[in-house]
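Student: Curious how this folds, go ahead:
(2 chains)
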Protein chains: 2
Amino acid sequence: MRQNKMILPTLREVPKEAEITSHRLMLRAGIIRQLASGIYTYLPLGYRVLKKVERIVREEMERAGAQELLFSALQPAELWHETGRWDDYGPELVRLKDRHQRDFVLGPTHEEVITSLVKQEISSYKKLPVTLFQIQTKYRDERRPRFGVMRAREFVMKDAYSFHTSWDDLDVTYKTMYRAYSNIFTRLGMFFRPVEANAGAIGGEGENHEFMAMAAVGEDTVAVCSHCDYAANLEKAEAAETPAAGLQPSDEIPVMEKLHTPDTKTIDQLVAALGVEASAFLKTLVYLADGKPVVAIVRGDHEINEAKLKDLLEATTLEMANDTTIERTLGAPVGFIGPVGLKGVTIVIDKSAAAVANGITGANETDTHIRNVVVGRDFTPDRVADIRNVVEGDKCPNCTEGTLEFHRGIECGHIFKLGTKYSSKIGATYLDENQKAQDIIMGCYGIGISRCLAAVIEQNNDEGGIIWPLSVAPFHVHVIPVNVKDEAQMSIADNLYRRLQAQGIEVLIDDRDERPGVKFKDSDLIGIPLRVTVGKRAGEGIVEFKVRKTGESTEVSIEQAFEEITGLVLGQ
Amino acid sequence: MRQNKMILPTLREVPKEAEITSHRLMLRAGIIRQLASGIYTYLPLGYRVLKKVERIVREEMERAGAQELLFSALQPAELWHETGRWDDYGPELVRLKDRHQRDFVLGPTHEEVITSLVKQEISSYKKLPVTLFQIQTKYRDERRPRFGVMRAREFVMKDAYSFHTSWDDLDVTYKTMYRAYSNIFTRLGMFFRPVEANAGAIGGEGENHEFMAMAAVGEDTVAVCSHCDYAANLEKAEAAETPAAGLQPSDEIPVMEKLHTPDTKTIDQLVAALGVEASAFLKTLVYLADGKPVVAIVRGDHEINEAKLKDLLEATTLEMANDTTIERTLGAPVGFIGPVGLKGVTIVIDKSAAAVANGITGANETDTHIRNVVVGRDFTPDRVADIRNVVEGDKCPNCTEGTLEFHRGIECGHIFKLGTKYSSKIGATYLDENQKAQDIIMGCYGIGISRCLAAVIEQNNDEGGIIWPLSVAPFHVHVIPVNVKDEAQMSIADNLYRRLQAQGIEVLIDDRDERPGVKFKDSDLIGIPLRVTVGKRAGEGIVEFKVRKTGESTEVSIEQAFEEITGLVLGQ
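Tutor: Residues are numbered from 1 along each chain as shown, chains lettered A, B, ... in the order given. Next up is the predicted model:
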């Protein structure tokens, strides 16, 4: 393509609204433009990359035996009522009414729709297993869209769904998809890691893995073992058993004692006031699980993990109780809540907190705490479970030798064993060998196509701009005649441009009448992997060949440049 | 692909809801399924065709120099307020609010968005002309979705927009697009006709053409000259001048005379009651143009053309006045309205009606008409213009020799010279050679991608099912082993399947354990152009080769079948 008439508006200044590198570079390199908060236009350069990512995903999905189809983005609300997600999904679900006042959603995902299709079209075990996928526009009304296409409200996803007669059979497809995903992210040039994850709004009964592009700007924290291959999203990472520290059977148990702690509500304030380690406190939090109050206790130096608590309680919704609710329900002042003496409320305590001897808690009285609180003697929890976030340095839950380290990741893919969560509600059954109706067992598999662009850029850039991997680069080669008014240069550049294109190589030729500095800066910014500069020595048959990634630049003959490029591109 | 595990649910029965052939066949052949009224799922077979149509469109657009990008479907309402279309577009525009109660539309078209982009990104004449296109999902909340994907509420469109410094330059691109469209519809295997058209909701100041797939079920009437190449949508077709029939200057002019016509309100009733030709009546209709009453008169044997009337009045909205409004505004009873004596209302009369001598009209009194009404003597119209539909047999407005014939067409493409309609409202200007700001002159160019599937099927089918043109067929070849339990047959079929695939030929192999009758019926229904039946003589190396379109079937050697197929497919 010829750059002069291409809509490729590069920017010198760093756009103010962009907080992270990939967002800045996608704006500066003329990849995207924002139309509204979280809503983007893909300019020609960006759309070329998007299509390449789509093609790689499509090829690997087809290789894995999946069949492509296309659903609508509009979905009738009835299906979402059937699964209960109309109520459960919350304000991120885009809802609208048609001209006849019928309710619709703009699909954030398609479990309802595909399960309903399979219910209609598949009746026998003979037609199973089957895997279907689509590449399609999705909608999620993020409260705070940010980081460009990383967290957008309209975005492109690949979503796949598989249908099975048994969990074993699901396991086979799950492994196939796991491999396909590994192939995809490898081909996209990503440094990624599959990690154990929490199922979130998609739900399901079985295991699930996120494919994380490792990057400092990632919104997810990944806990990785220093020794074995354990890796899990912080939401999911299990806390290893904490050895009970504290009292021995032979120890005398001190009695509880009230402490006057005026205006001392936070753990930090208590640590300062009492001169005790944070780990000695039993931090007491109040939630509403499906509207019912629940008291959750973790150690003062730990953070609660709401996903774990929600799963434990099998709650559909879980939210922190506000001050009014706390005071009305528990009859106790916020900041001084504790489990001792509480009645008529479920108490859940984290395992590590349960192992604390002589804990300090709120006394349920203003400006008062209690010390020497002993779990079992002074209050009886309803549940003792893992409800905290792991912390760096925790023992690995998988091996005995390693400890957990934290890294940041961008969730680019997510695969789920759904089981019968959707099929049972929508009534998608098959007849087995004995003509008996059984719920279909399902898996689902997503990739955030547009998000992958941002992830690739986060991992492949330098101070000059983007460094596209060859597999997804908008063009393979950038041919730059230094002076377009020099007829010899232009004719040599143009000739090379045509010869390379004839080989099926994608070439951008910078035929703009701009200063060389501008051209080279733009070229670095848009990050095409290979560059040929046709300059002063062109008349002698000599051009400059440069690899964007290494920055290596060599003077070669036009023939050598041609050979080098065809070798690299066609051999990839 | 292997048919046994493919989601390809064919139906024997004709689905009740489907009124036209293409809709019936798309359901029966497992191409689409309805999810909600006007909202469809493309099953794997259908999606393959959709992608092929997209590819042909993309190739021809790129060949015509257009750059592809991708806009969002969600568009902020502000842009639609700027152009006034938020109010003008009516209930077909899908509107919604986000979680912050901000208004959005789901785009039926993207003039606002692209004009706003070009306003931001292009400032100089040096960057013009440029043509941009996208292939994207569009929304139109049809009052009565029907005919399957022909008139759907969510559908796939290619929309392109061009930007120019002059009308002459727009004309060059318009012609290029006209040619590209002709190439596209030719490659899709369509019998089509470009026709002059009305610009409708897109608007614009210049000429526009629809590309019509000619088919009896088409919703548009196309008037075609029997002699020259004139062709126009009925909405647009001009009425040739009608020679003034009736009075000569020397004739005595009879005076007006009232007729008692009890309960005689329609032209048919009047013709029967008075024994006069319908063409002698001046049919008088009352409209509200932007809320103001307008009386429109056409000959009794003619139909009014509301598009022409609306254009003539330069009205944003035009609707028929209801009975209450008519009686309140004109003080006259519905069914007996006429122009004589009306005051304070605009009267528009069609040229043919103005040429009637001794006309009969309503008398603005119950049960009364008047005869011998003479235009100019008895009432004075404000405008005399072409405001009627042409009728078959009318003289061609383009040549002197032909007469108009009517045919039906499906609008598959539409190209427009928009001029500055959008750029002036959105403020998209460029600086000319003298650094003076000028409104950008625009064109726009749409193709209903999903509608093309229906149009191709309407034109390519027989009683057995679809007959896909090779260019858009979901597969090129259908290989049918008659008996999958016969190992020799299966192995020969499988071998041919693999060999053809290795050539890049798309093959569906019917590996289902079904009776031959079922397989052949399904094969005819889904309409793959070439078929190889591997049956009893397979052991001798003989198979049956059949062309779906001609029904011709020959016994050939496997080698001959292979040669024949590769020749046809790769040579296309």
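Student: For the stretch 151-300 of chain A, which residue gets nearest to chain B?
Tutor: Proximity to chain B, evaluated over the stretch 151-300 of chain A using CB to the nearest CB, is greatest for residue A:154 at 4.7 Å. For every residue, glycine as well, the C-beta is placed using N, CA and C.
Student: try chain A
Tutor: residue A:96 (3.8 Å).
Student: tally of neighbours for that residue?
Tutor: Look at residue A:96: counted by other CB atoms under 10 Å in any protein chain shown, it has 18 neighbours.
Student: element containing it?
Tutor: Taking DSSP states H and E as the criterion, residue A:96 maps to strand A:94-97.
Student: and that strand, which strands flank it?
Tutor: strand A:103-106 (antiparallel) (DSSP bridges).
Student: So what touches the strand it pairs with?
Tutor: Residues outside strand A:103-106 that contact it (CB atoms under 8 Å, 6 or more residues apart in numbering or on different chains) are A:73-77, A:80, A:86, A:93-98, A:139, B:36, B:96, B:106.
Student: Which of the residues in that strand are classified as buried?
Tutor: A:104-106 (16 or more other CB atoms under 10 Å in any protein chain shown).
Student: Can I get it in PDB? Just the C-alpha atoms.
Tutor: Provided in PDB are the C-alpha atoms of strand A:103-106 (Å, rounded to 0.1, in the frame of the first residue of the first chain):
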ATOM      1  CA  ASP A 103     -36.200  -6.600  26.000                       C
ATOM      2  CA  PHE A 104     -33.000  -7.500  24.400                       C
ATOM      3  CA  VAL A 105     -29.300  -7.700  25.400                       C
ATOM      4  CA  LEU A 106     -26.200  -7.000  23.400                       C
END
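Student: gap between it and the chain center?
Tutor: Relative to the chain's own centre, strand A:103-106 is displaced by 25 Å; criterion: CA atoms, centre = their mean, to the nearest Å.
Student: Residue A:562 reaches residue A:499, doesn't it?
Tutor: Yes - between residue A:562 and residue A:499 there is a contact at 6.4 Å, judged by CB atoms under 8 Å.
Student: between these two, which one's more packed in?
Tutor: residue A:562 (19 against 15).
Student: Surely that one is in a helix?
Tutor: Yes - the assignment for residue A:562 is a helix, going by DSSP: H, G, I helix; E, B strand; the rest coil.
Student: which residues does it contact?
Tutor: A:496, A:499-500.
Student: Likewise for residue A:23?
Tutor: Residue A:23 is in contact with A:147-150, A:454, counting by CB under 8 Å, 6+ apart.
Student: Tell me, what's the model's pLDDT at it?
Tutor: According to the prediction, residue A:23 has pLDDT 97.
Student: again with residue A:200
Tutor: 72.
Student: ok, for it, nearest residue in space, not its chain neighbours?
Tutor: residue A:307 (7.7 Å; CB to CB, 6 or more residues apart in numbering or on different chains).
Student: That neighbour sits in which helix or strand?
Tutor: Assigned by DSSP H and E, residue A:307 falls within helix A:306-313.
Student: Which secondary structure elements does that helix sit against?
Tutor: Helices and strands touching helix A:306-313, by 3 or more CB pairs under 8 Å, 6 or more residues apart in numbering or on different chains; DSSP states H and E, are strand A:282-289, strand A:292-299, strand A:318-320, strand A:346-350, strand A:383-385.
Student: close enough to count as contact, the residue of chain A closest to chain B and residue B:98?
Tutor: No - the criterion here is CB under 8 Å, and residue A:96 misses it with residue B:98 at 10.2 Å.
Student: Could you double-check that residue A:520 sits in contact with residue A:482?
Tutor: No - between residue A:520 and residue A:482 there is no contact, the gap being 9.1 Å when judged by CB under 8 Å.
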